[in-house]
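>>> sequence plus predicted model, see below.
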Amino acid sequence: SNADIILFVFAPILTFLLSLLSWAVIPLGLGMFYTDLNIGILYLLAISSLGVYGIIIGGWSSNSKYSFLGALRSTAQMISYELTIGFCILSVIICAKSLNLISIVFAQKTVWFCFPLFPIFLIFFISCLAETNRHPFDLPEAEAELVSGYNVEYSAMGFALFFLGEYANMLLMSSLTTILFLGGWLAPFPFNIKFIDILPG
């Protein structure tokens with residue numbers, strides 16, 4: 001009843017919009033992209049780090065101690081694992097010598113980066129699970145202690161936008177893993193097969 005209505009409504013919209021903005025630089029296949037930024041990786045890191053604002057605003061504006069504690073817990077987890085993701089991406093940038101996502105895919109023509117950078121790939125995968133609040137890192141939902149976390153006061157479209165944003169981020173992290181470590185739309189072997197090259201990543 002004492003919630004800040006404007007911020008309460010704005011928080012899920014912000015979360016959803018930021019998760020959609022990230023998709024602007026993701027190449028889905030050869031020539032299948034919305035925009036080709038030379039600093040695509042930096043853009044992704046910047047947009048994903050802004051995602052915590054939607055959660056912290058949503059938890060704070062609810063005027064509930066449970067949702068605010070859930071928001072703090074979720075924000076702390078997201079910020080801490082973004083650092084790990086950043087260091088893993090740095091290894092890929094050093095190997096590819098580019099910040100452009102399409103150039104990173106073409107740098108994997110001879111071998112996918114998941115083979116020479118296997119420990120980095122595992123760390124990146126685990127960090128992505130934590131970043132997207134998947135099991136076993138689903139503490140921010142905390143159904144027993146914090147009554148389902150930062151979105152406890154939300155219902156209807158606000159709740160739906162939070163979860164649409166969360167699942168869009170899951171798909172984004174899966175796409176990013178494919179682009180950075182699994183060769184994007186390229187085959188795992190160096191010789192060329194026409195049919196495989198036209199398949200989206």
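Looks like it arrived, so ask away.

>>> these two touch, right, M173 and S127?
No. Judged on C-beta atoms under 8 Å, M173 makes no contact with S127 at a distance of 9.1 Å. For glycine as for every other residue, the C-beta is placed from the backbone atoms N, C-alpha and C.

>>> need the longest helix for this protein.
helix 65-96 (DSSP state H).

>>> next secondary structure element downstream of it?
Next helix or strand after helix 65-96 toward the C-terminus (DSSP states H and E): helix 101-106.

>>> residues in contact with that following helix?
Helix 101-106 has contacts (C-beta atoms under 8 Å, 6 or more residues apart in numbering) with 25-27, 33, 36, 40-41, 92-93, 96, 98, 179-180, 183-186, 201.

>>> same check on stretch 81-89?
With C-beta under 8 Å, 6+ apart as the test, stretch 81-89 has contacts from 41, 45, 48-49, 120-121, 123-124, 127-128, 130-131, 180.

>>> just to revisit the earlier point, buried ones in the longest helix of the chain?
66-75, 77-78, 81-82, 84-85, 88-89, 91-93, 95-96 (16 or more other C-beta atoms under 10 Å).

>>> the closest residue to P27 other than its chain neighbours: neighbouring residues, count only.
Closest residue to P27 apart from its sequence neighbours, by C-beta to C-beta, 6 or more residues apart in numbering: F33 at 4.1 Å. Neighbourhood size, F33 [other C-beta atoms under 10 Å]: 17.

>>> ok, the one 5 residues further on next?
By the measure other C-beta under 10 Å, the count of residues near N38 is 13.

>>> quick one: what helix or strand has it in it?
For N38, there is no host helix or strand (DSSP H and E).

>>> same deal with N63?
Under the assignment here (DSSP H and E), N63 is part of no helix and no strand.

>>> where do the helices sit along this structure?
With DSSP H, the ranges of helices along the chain come out as 5-21, 40-61, 65-96, 101-106, 118-131, 156-181, 194-197.

>>> for the fifth one, the averaged confidence score.
Mean pLDDT, helix 118-131: 92.

>>> which strands and helices sit next to that helix?
Where contact means 3 or more C-beta pairs under 8 Å, 6 or more residues apart in numbering; DSSP states H and E, helix 118-131 is packed against helix 65-96, helix 156-181.

>>> still on that earlier bit, which one of the contacts of stretch 81-89 sits in the busiest neighbourhood?
Neighbour tally across the contacts of stretch 81-89 (other C-beta under 10 Å): the maximum, 28 neighbours, falls on L180.

>>> shouldn't that residue be in contact with V92?
Yes. With contact defined as C-beta under 8 Å, L180 reaches V92; the gap is 4.9 Å.

>>> so what's the residue nearest to L129 when sequence neighbours are not counted up against?
Leaving aside its chain neighbours, L129 sits nearest to F137 (5.5 Å; criterion: C-beta to C-beta, 6+ apart). F137 sits next to Q77, L129, A130 when contact means C-beta under 8 Å, 6+ apart.

>>> closest one to T110 out of the residues you listed, please.
The shortest gap between T110 and any of these belongs to L129, at 29.0 Å (C-beta to C-beta).
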